[in-house]
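**Student:** Give the three-dimensional model of this entry:
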Amino acid sequence: MPEFREVIYDENHWRLLRELRSQALEIMSIFATSGVEVWLHGSVARGDVGPESDIDVIIPFRIPPYLVEFLLERHNYKPRGRYIVVATPTSTPKGVIVLDEYERKIVSFPLLDFKPQELEFYKFGGYLKHQDLLGDKRVPGVNKSLVLIKPTPIGHEELPVIGWEDYVARVLGVSIDIVLERVKVLTRRDEVGRTGIFAKTALLPDESFEEALERLFRERDLLRRVHGSLS
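**Tutor:** Numbering: from 1, shown residues only. Reported below is the predicted structural model:
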């Protein structure tokens with residue numbers, strides 16, 4: 001069970017955090033300088049990084065997938081993998097572009113419009129906008145172990161989420177519903193060992209994201225029935 005505690009970062013931690021943020025800023029700047037809103041989500045935004053931390057960059061609003069690919073390739077980022085991921089049948093399908101062989105640098109974007117509660121999910125985990133990262137800000141958020149991370153000048157504080165859901169919602173500025181939903185999902189994942197991914201499909205070499213989504217909807221009729229038209 002998580003406890004209330006303070007974590008003080010040593011120089012190695014700060015060095016790793018600076019390096020990961022520098023790499024994230026390089027990717028985010030590709031989109032921000034072209035007028036595309038982009039967020040950095042997860043531990044690199046909060047500060048509680050480790051050797052296997054992901055650089056998780058999300059474009060929160062719908063954008064033509066070809067534009068995402070074009071901007072990356074124009075800046076010499078060659079995709080190591082392209083996927084469509086659907087967390088649950090009712091979740092918005094996302095395009096995912098992997099930028100490294102370890103799948104730790106990822107750019108994702110919705111292929112349909114995100115629902116408001118899906119945008120809250122990113123706030124629950126903690127996200128920064130491009131300007132925030134330029135200003136070296138860190139934000140509170142909840143990690144996958146259901147621990148609230150609150151940044152401090154010397155590291156961060158850790159607080160349990162279970163039993164403190166109202167407090168966590170206030171700190172993060174999210175609805176109590178999203179906190180309760182994430183607690184339910186993450187505790188069930190611990191109990192049954194599921195990944196929580198309903199569908200994940202790799203794009204064929206010459207396939208567009210739109211074509212791959214049509215193919216996925218043909219293969220998973222439930223998705224078409226839930227989401228209706230792809231337009």
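
**Student:** For the protein, just list every one of the strands.
**Tutor:** When secondary structure is read from DSSP state E, the chain shows strands at 5-8, 39-41, 55-58, 81-86, 94-98, 105-110, 127-129, 141-142, 147-152, 155-160, 199-202.

**Student:** And the contacts of the third one?
**Tutor:** Put plainly, it is strand 55-58. Contacting residues not belonging to strand 55-58 are listed as 20, 23-24, 27-28, 38-42, 44, 104-109, 122, 127 [CB atoms under 8 Å, 6 or more residues apart in numbering]. For every residue, glycine as well, the C-beta is placed using N, CA and C.

**Student:** Quick check: which ranges of this structure have low pLDDT?
**Tutor:** The model of the chain has pLDDT under 70 over residues 1-2, 189-196, 229-231.

**Student:** quick one on the thing from earlier: kindly reformat the strands of the chain as a markdown table containing distance to P64.
**Tutor:** Shown next, in a markdown table, are those (distance: least, CB to CB, whole Å):
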| stretch | distance to P64 |
| --- | --- |
| strand 5-8 | 42 |
| strand 39-41 | 18 |
| strand 55-58 | 16 |
| strand 81-86 | 15 |
| strand 94-98 | 10 |
| strand 105-110 | 10 |
| strand 127-129 | 21 |
| strand 141-142 | 29 |
| strand 147-152 | 34 |
| strand 155-160 | 38 |
| strand 199-202 | 20 |
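
**Student:** among the ones you listed, which is nearest L172?
**Tutor:** Counting by CB to CB, L172 lies closest to strand 141-142 out of those; the figure is 6.8 Å.

**Student:** contacting residues around that closest one?
**Tutor:** Contacts with strand 141-142, where a contact means CB under 8 Å, 6+ apart, come from 42, 45-46, 123-127, 148-149, 161, 168, 172, 182.

**Student:** ok, now stretch 209-224?
**Tutor:** Surrounding stretch 209-224, the residues in contact under the criterion CB under 8 Å, 6+ apart are 65, 82, 84, 86, 89, 93, 95, 111, 199, 201, 203-204, 207, 227, 230.

**Student:** Pull the contacting residues for D177.
**Tutor:** When contacts are counted by CB under 8 Å, 6+ apart, D177 is found next to Q117.

**Student:** Let me know the distance separating it from Q117.
**Tutor:** 7 Å (CB to CB, to the nearest Å).

**Student:** Likewise for T187?
**Tutor:** Counting by CB to CB, the gap from T187 to Q117 is 18 Å.

**Student:** highest average neighbour count across the strands of the chain?
**Tutor:** Mean neighbour counts were taken over these using mean count of other CB atoms under 10 Å, and the top value, a mean of 26, falls to strand 141-142.

**Student:** so what strands line up beside it?
**Tutor:** Applying DSSP bridges, strand 141-142 is found paired with strand 147-152 (antiparallel).

**Student:** how distant is the partner strand from the center of its chain?
**Tutor:** Averaging C-alpha coordinates over strand 147-152 and over its chain gives two centres that are 17 Å apart (CA atoms, centre = their mean, to the nearest Å).

**Student:** The protein: helices as residue ranges?
**Tutor:** If you assign secondary structure with DSSP state H, the helices in the chain sit at 11-32, 43-46, 65-74, 116-125, 130-134, 165-172, 176-192, 209-219, 221-227.

**Student:** Can you tell me which of those helices is nearest to P140?
**Tutor:** Ranking the helices of the chain by their distance to P140 (criterion: CB to CB) puts helix 165-172 first, at 5.6 Å.

**Student:** Which strands or helices does the closest one pack on?
**Tutor:** Counting contacts by 3 or more CB pairs under 8 Å, 6 or more residues apart in numbering; DSSP states H and E, helix 165-172 is packed against strand 141-142, strand 147-152, helix 176-192.
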